[in-house]
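[1] Okay, predicted coordinates and the sequence, questions at the end:
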Amino acid sequence: MAITSPFSYPEEIKDKFIATPGLKFKDGSTVSSAEIWEFMTKEAPRRFPYAFDAGANNMGRFSDDVHFLSGIKRGYLTLTLKDRVMKQHAAGTPTVLVQGGQAMDAYYAAGGIPVRPGLVMQWARNMEEGLSLRQSETLGLNILESGRRKISIDACNQIAAHAAIDNKVVPIDLIAPFLCLRCSDMSFLVETHRNRVHDIPRYLVDYPVDHENKPWAAEYIAVELRELIDKIAALSGRKITDEVLFDEIKLENRGRRIATEIADLWWGAENPPTNSTDFFGIAFLANDFVGDPVAAVDLLEQSKKEIEERIQNNVKGFGVPDHAKRLFICGSCVGPNAHHAQTAGAIFVGRDDSWSCISVPVQEEGDPYLNIAKSMLAYPYEQRTEKRAEWTADMVKRSRADGVIFMYQWGCNYQSGVARMISDIVKERAGVVTTFVEVGELGRSEATEQSTNRVEAFIEMV
Ligand code: SF4
């Protein structure tokens with residue numbers, strides 16, 4: 001189905017859509033599919049017109065596969081994040097800044113809502129409504145620029161999220177990420193809040209790097225986890241028991257398990273059953289949970305059924321090119337534009353970030369603190385570089401990728417440092433072509449020709 005500008009969902013799919021189940025939320029509330037339809041076709045286009053800009057440069061635009069009905073519900077969760085978090089925050093639920101690449105079981109169990117820098121910026125941009133894509137981006141760039149002036153010029157675009165918090169664009173009650181190896185900028189950006197006007201409470205969850213020969217590492221993290229959970233629980237008023245923790249672990253494990261099953265189904269299909277946007281948007285729910293793990297797991301279950309049906313009927317996702325070149329994406333929190341890549345003949349079949357967390361379940365018996373700590377130490381993305389590259393090569397083979405793009409943001413010191421080494425090892429072990437690309441476009445959808453051209457040239461080479 002051809003897309004129009006602005007993008008809209010066609011009326012002829014309405015009856016089919018509203019016959020599907022709605023979504024359940026962690027507070028026990030539900031939303032029907034008829035209500036989701038009303039929101040996505042009337043309320044959201046009015047409040048968030050930028051999200052419906054159909055231009056190929058709109059990195060965050062929805063999937064044009066309107067017949068993949070779970071994709072519409074994914075868009076609903078994205079666009080209702082602000083309303084849901086603000087409502088819960090007003091009712092006393094603490095919001096906590098975390099980083100990408102870490103599980104969220106402990107934060108949700110303690111009664112908080114963990115949000116990553118990317119979600120903080122999405123939330124911050126949605127605080128002003130009725131904006132076009134350009135207006136929304138200008139708002140985001142202005143926040144980024146204030147962060148550069150007030151905090152540091154020498155950091156990735158995560159600095160925008162820290163500026164949004166410091167400027168009180170969004171209310172964050174605690175800044176408490178895990179300081180994993182992956183993220184060179186998070187640690188010092190957390191510390192900069194110590195000197196800011198608002199002095200938002202912080203808690204640094206330290207993470208021992210190169211921990212293979214450190215038998216104390218899991219216990220060390222577990223002790224910090226107890227303190228972290230106590231701090232969040234003091235804000236939320238929730239009484240934390242092992243049972244509370246295990247309930248959350250089991251729920252999020254279910255999400256991780258379904259996402260892994262979806263990936264296995266998707267990789268084994270003769271034709272990719274969804275386009276890249278829907279594949280990543282659905283599977284990565286098990287890493288992001290978009291403010292509500294109950295709703296995210298509910299949608300993962302619905303999506304799996306829909307994907308199974310498509311595979312049984314050999315349906316190819318809308319927008320997937322014939323004989324698409326399969327690309328695996330590596331690197332820091334940035335990725336090539338899926339819409340451009342599809343136009344150039346490629347589809348994305350996986351990425352190391354996000355899959356790293358999803359691929360490690362937390363043990364469901366014993367000491368829940370120690371179990372979470374052990375799972376964090378097992379993330380493939382956080383291992384020594386050669387070991388991480390070997391895991392990546394294995395994922396490249398499992399996903400039947402034809403090539404690998406390692407992309408990283410300007411300012412991301414760690415990922416820029418390992419890009420070449422990982423690309424070379426994956427090339428050798430998986431036997432596919434690889435490239436690495438630095439992007440300095442920092443949240444823009446205009447003037448992105450530099451990276452787009454390099455990605456297109458790589459696809460042609462593949
Ligand atoms: S780009 Fe790098 S430094 Fe910045 S948030 Fe992502 S991983 Fe961390």
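    Noted; the coordinates are in hand. Numbering: from 1, shown residues only.

[2] The stretch 151-300 of the chain: strands as residue ranges?
    174-175 (DSSP state E, counting those that start in this stretch).

[3] That one: helices as residue ranges?
    Residue ranges of the helices in the stretch 151-300 of the chain, as given by DSSP state H, counting those that start in this stretch, are 158-166, 186-192, 217-236, 242-268, 276-283, 285-288, 293-312.

[4] Tell me which of those helices lies nearest to the ligand.
    Closest of the helices of the stretch 151-300 of the chain to the ligand is helix 158-166, at 3.8 Å (criterion: Cβ to the nearest ligand atom). Every residue, glycine included, has its C-beta placed from N, CA and C.

[5] if you look at the closest one, does any of it touch the ligand?
    Yes: Helix 158-166 comes into contact with the ligand (Cβ under 6 Å from any ligand atom), by way of Gln158.

[6] What helices and strands are in contact with that helix?
    Where contact means 3 or more Cβ pairs under 8 Å, 6 or more residues apart in numbering; DSSP states H and E, helix 158-166 is packed against helix 117-126, helix 133-150, helix 186-192.

[7] got the angle for the first one vs helix 133-150?
    Angular relation of helix 117-126 and helix 133-150 on a 0 to 180 degree scale: 120 degrees, by axes from the mean of the first three to the mean of the last three Cα atoms, to 10 degrees.

[8] what does helix 117-126 contact?
    48, 50, 60, 78-79, 81-82, 85, 97, 99-100, 115, 131, 136, 139-140, 143, 158, 160-162, 164-165, 169-170, 172, 288, 290-291, 333, 443 (Cβ atoms under 8 Å, 6 or more residues apart in numbering).

[9] Of those, keep whichever come out buried.
    Neighbour counting over the contacts of helix 117-126 (16 or more other Cβ atoms under 10 Å) leaves 48, 50, 78-79, 81-82, 85, 97, 99-100, 115, 131, 136, 139-140, 143, 158, 160-162, 164-165, 169-170, 172, 288, 290-291, 333, 443 as the buried ones.

[10] For the ligand, see how far away the residue lying closest to Gly75 once chain neighbours are set aside is.
    Excluding the flanking residues, the one nearest Gly75 by Cβ to Cβ, 6 or more residues apart in numbering is Phe62, at 4.9 Å. Counting by Cβ to the nearest ligand atom, to the nearest Å, the gap from Phe62 to the ligand is 24 Å.

[11] Is Phe62 in contact with Lys73, as I believe?
    No: Phe62 lies out of contact with Lys73 (Cβ atoms under 8 Å); the separation is 11.3 Å.

[12] Quick check: which ranges of the stretch 251-400 of the chain have low pLDDT?
    Residue ranges of the stretch 251-400 of the chain with pLDDT under 70: none are present.

[13] Kindly report the residues of it close to the ligand.
    Residues of the stretch 251-400 of the chain that fall close to the ligand, judged by Cβ under 6 Å from any ligand atom: Ser332, Cys333.

[14] which ones are touching the nearest residue to His323 once chain neighbours are set aside?
    Leaving out its chain neighbours, the residue that sits closest to His323 by Cβ to Cβ, 6+ apart is Gly345, at 7.7 Å. Gly345 is in contact with Pro321, His323, Ala324, Lys325, Ile459, counting by Cβ under 8 Å, 6+ apart.

[15] residues in contact with the last one?
    Contact analysis of Ile459 by Cβ under 8 Å, 6+ apart lists Lys325, Leu327, Ala341, Ala344, Gly345, Ala346, Gly403.

[16] Can you tell me the element it falls in?
    Here Ile459, judged by DSSP states H and E, is contained in helix 449-461.

[17] For that helix, give the mean pLDDT please.
    Mean pLDDT, computed over helix 449-461, is 88.

[18] buried set for it?
    Using 16+ other Cβ under 10 Å as the test for burial, helix 449-461 gives Ser451, Thr452, Arg454, Val455, Glu456, Phe458, Ile459.

[19] chain center to that helix, what's the gap?
    Centroid displacement of helix 449-461 relative to its chain, using Cα atoms, centre = their mean, to the nearest Å, is 24 Å.

[20] just stretch 42-55 next, same as before
    With Cα atoms, centre = their mean, you get 21 Å for stretch 42-55.

[21] What of stretch 53-60?
    On the basis of Cα atoms, centre = their mean, stretch 53-60 sits 18 Å off its chain's mean C-alpha point.

[22] Just the endpoints, please. Distance across that stretch?
    By Cα to Cα, to the nearest Å, the extent of stretch 53-60 from end to end equals 9 Å.

[23] which residues touch the most centrally placed residue in the chain?
    With distances taken as Cα atoms, centre = their mean, Asp288 lies nearest the centre of the chain, 5.1 Å away. By Cβ under 8 Å, 6+ apart, the contact list for Asp288 reads Arg116, Leu119, Ala296, Ser354.

[24] same deal with Thr80?
    Phe39.

[25] now Gly147
    Residues near Gly147 by Cβ under 8 Å, 6+ apart: Ala155, Ile159, Ala160, His162, Ala163, Asp166.

[26] Dump these into TSV; add pLDDT as well.
    Listed next are the contacts of Gly147 as TSV, based on pLDDT from 0 to 100:
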residue	pLDDT
Ala155	83
Ile159	90
Ala160	92
His162	93
Ala163	94
Asp166	92
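
[27] for those residues, which one is nearest Cys183?
    Ranked by distance to Cys183 (Cβ to Cβ), the contacts of Gly147 are led by Ala155 at 10.6 Å.

[28] excluding its backbone neighbours, what's nearest the closest one?
    Counting by Cβ to Cβ, 6+ apart, the residue nearest Ala155 is Asp185, at 4.5 Å.

[29] Downstream of the helix or strand hosting Ala393, the next helix or strand is which one?
    Per DSSP H and E: Ala393 is located in helix 385-398. Downstream of helix 385-398, the next assigned helix or strand under DSSP H and E is strand 403-409.

[30] Contacts for the next helix or strand after that next one next, please.
    Under the assignment DSSP H and E, the closest C-terminal helix or strand after strand 403-409 is helix 413-430. Residues outside helix 413-430 that contact it (Cβ under 8 Å, 6+ apart): 181-185, 330-332, 385-386, 388-390, 392-394, 396-397, 401, 404, 406, 408-410, 432-436, 438.

[31] Repeat that for stretch 8-25.
    Residues contacting stretch 8-25 (Cβ under 8 Å, 6+ apart): 1, 30-37, 40-41, 45, 52, 66-67, 69, 72-73, 76-77, 84, 292, 294-295, 298-299, 302.

[32] Determine how far the last residue of that stretch lies from the first.
    End-to-end distance of stretch 8-25: 26 Å, with Cα to Cα as the criterion.

[33] Can you give the distance of it from its chain's centre?
    The answer for stretch 8-25 is 24 Å, by Cα atoms, centre = their mean.

[34] Name the residues of that stretch that are buried.
    Residues of stretch 8-25 classed as buried: Tyr9, Phe17, Ile18, Thr20, Gly22, Leu23, Lys24, Phe25 (neighbour count, 16+ other Cβ under 10 Å).

[35] and if you look at stretch 236-246?
    Neighbour counts over stretch 236-246 (16+ other Cβ under 10 Å) mark Ser236, Arg238, Ile240, Val244, Leu245, Phe246 as buried.
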